[in-house]
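Participant: build me a structure from this.
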Amino acid sequence: MKKFNIRKVLDGLKEQASSSVSSGQSGAPENNLMHETLQSENFQLCKTVRHGFPYQPSSMAHDPVQKILAIGTQSGALRLFGRPGVECYCQHESGAAVISLQFLINEGALVSALADDSVHLWNLRQRRPAILHSLKFNRERITFVHLPFQSKWLYIGTEKGNIHIVNVESFTLSGYVIMWNKAIEL
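Facilitator: Down below sits the predicted model:
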């Protein structure tokens, strides 16, 4: 392999530049110089790369079987991290803060609860994750979501202390509600 010296390369470039300038000054007018100005039409701003930890994280979940980490943010974004170099970015349409995340362990699905009192079921089995089902709570504010291991029932806690139960397979509210004042004797 042939070695080269970078200093020699730079000296060669300087010599070529100085010889072309001296030959240009021998009486020929300098019409070949172009004066360009930068204008806003020449540029377009776009995001090309996301790296590092997400800005303003608000919740996190981990699937130990598939080794996936999900991080939700205050702006409603989801970042999914897998093996080194594997990551995905998703955004909730409402842009509300992500309160809670729960993986359906080894199922390729994720449940997200948002500050606008909606709960979403994400399908992670496809190349681009998408929302399969959504539920919207009107009367109570969601504060917590819990999914026991290999259970088909999702427990949604509210600000009033009540617990609503959702069937994960059909993603519909069941008729069961645990009222705080009935569960705890006053």
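Participant: ok, residues contacting the helix or strand where L154 lies?
Facilitator: Per DSSP states H and E: L154 is located in strand 153-158. If you take C-beta atoms under 8 Å, 6 or more residues apart in numbering as the criterion, strand 153-158 is touched by 102, 111, 113, 119, 137, 140-148, 163-168, 174. Every residue, glycine included, has its C-beta placed from N, CA and C.
Participant: select only the buried ones of those residues in PyMOL?
Facilitator: Buried members of those, defined by 16 or more other C-beta atoms under 10 Å, are picked up in PyMOL with:
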select buried, resi 102+111+113+119+137+140+142+145+147+163+164+166+168
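Participant: and the residue nearest to F53 when sequence neighbours are not counted, what is it in contact with?
Facilitator: Residue nearest to F53 in three dimensions, not counting chain neighbours: I71, with 7.7 Å by C-beta to C-beta, 6 or more residues apart in numbering. For I71, the contacting residues are 53-54, 57, 59-60, 78-79, 81, 101, by C-beta under 8 Å, 6+ apart.
Participant: separate out the buried members of these.
Facilitator: 54, 59, 78-79, 81, 101.
Participant: need those residues in a markdown table with pLDDT and secondary structure, can you?
Facilitator: As requested, the buried ones among the contacts of I71 are arranged in a markdown table below (pLDDT from 0 to 100; DSSP: H, G, I helix; E, B strand; the rest coil):
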| residue | pLDDT | secondary structure |
| --- | --- | --- |
| P54 | 83 | coil |
| S59 | 95 | strand |
| L78 | 94 | strand |
| R79 | 93 | strand |
| F81 | 91 | strand |
| L101 | 95 | strand |
